[in-house]
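K.L.:
I'll drop the sequence and a predicted model, then ask my questions.
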Amino acid sequence: MKQDKFRNRILPLVDKLFRLALSITGNKQDAEDVVQDTLFKVWKKKDEWDSIHNLEAYCYRSTRNIAIDKISLKENQQEALDERYDIPETNANIQVRLEQEEQLHLLETFIRKLPEKQRTIFQLREIEEMTYKEIAEVMRISEEQVKVNLFRSRQKLKEFFNGKN
């Protein structure tokens, strides 16, 4: 039954799709809208699911495309990033916690400066822990291109942190 397949295969991806959408849009509300649009799109294609080679990759690709469309509509609008990571409360002093928050904010800022393709690949690999093969399917590029883009994004982040950009 299609509803069971949707419930068992698609709905468990919602958190991952949200994180991907958030990494692209940089806005929690927009990311939620993107995921909702993705789920609606996937449900509308339920009669084609058997012909889709990798349904999970299809969901990621749809999320990416919808998010890109959404930000292209808001291209001139600058919005602050919502906090995506919770820094766990520890016995560390306030200064250490503030430094951690500042570094996290800086990293988020630098990631947002990456070209969209590199940012998405970085997100899928480093945050979602997808394999090169899975990323290649989602992005519809070769595994070599995934590796090259991931290398470039890491190099660019190093340059940002070292103050070269």
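P.N.:
Looks like it came in fine.

K.L.:
and the gap between the most centrally placed residue in the chain and Asp50?
P.N.:
Per C-alpha atoms, centre = their mean, the C-alpha nearest to the average position across the chain is that of Leu20, at 2.1 Å. In this view, Leu20 and Asp50 are 25 Å apart by C-beta to C-beta, to the nearest Å. Glycine gets a C-beta too; all of them are placed from N, C-alpha and C.

K.L.:
give me the neighbour count for Pro115.
P.N.:
Using other C-beta atoms under 10 Å, Pro115 is surrounded by 12 other residues.

K.L.:
break the chain down into its domains, please.
P.N.:
2-73, 94-161 (automatic domain parsing).

K.L.:
can you give me the helices for the protein?
P.N.:
Taking DSSP state H as the criterion, the chain carries its helices at 2-5, 14-25, 28-44, 55-73, 94-113, 116-122, 132-139, 143-161.

K.L.:
could you dump those helices into a markdown table and include mean pLDDT?
P.N.:
As requested, those are exported to a markdown table (pLDDT from 0 to 100):
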| stretch | mean pLDDT |
| --- | --- |
| helix 2-5 | 82 |
| helix 14-25 | 89 |
| helix 28-44 | 91 |
| helix 55-73 | 86 |
| helix 94-113 | 75 |
| helix 116-122 | 91 |
| helix 132-139 | 91 |
| helix 143-161 | 90 |
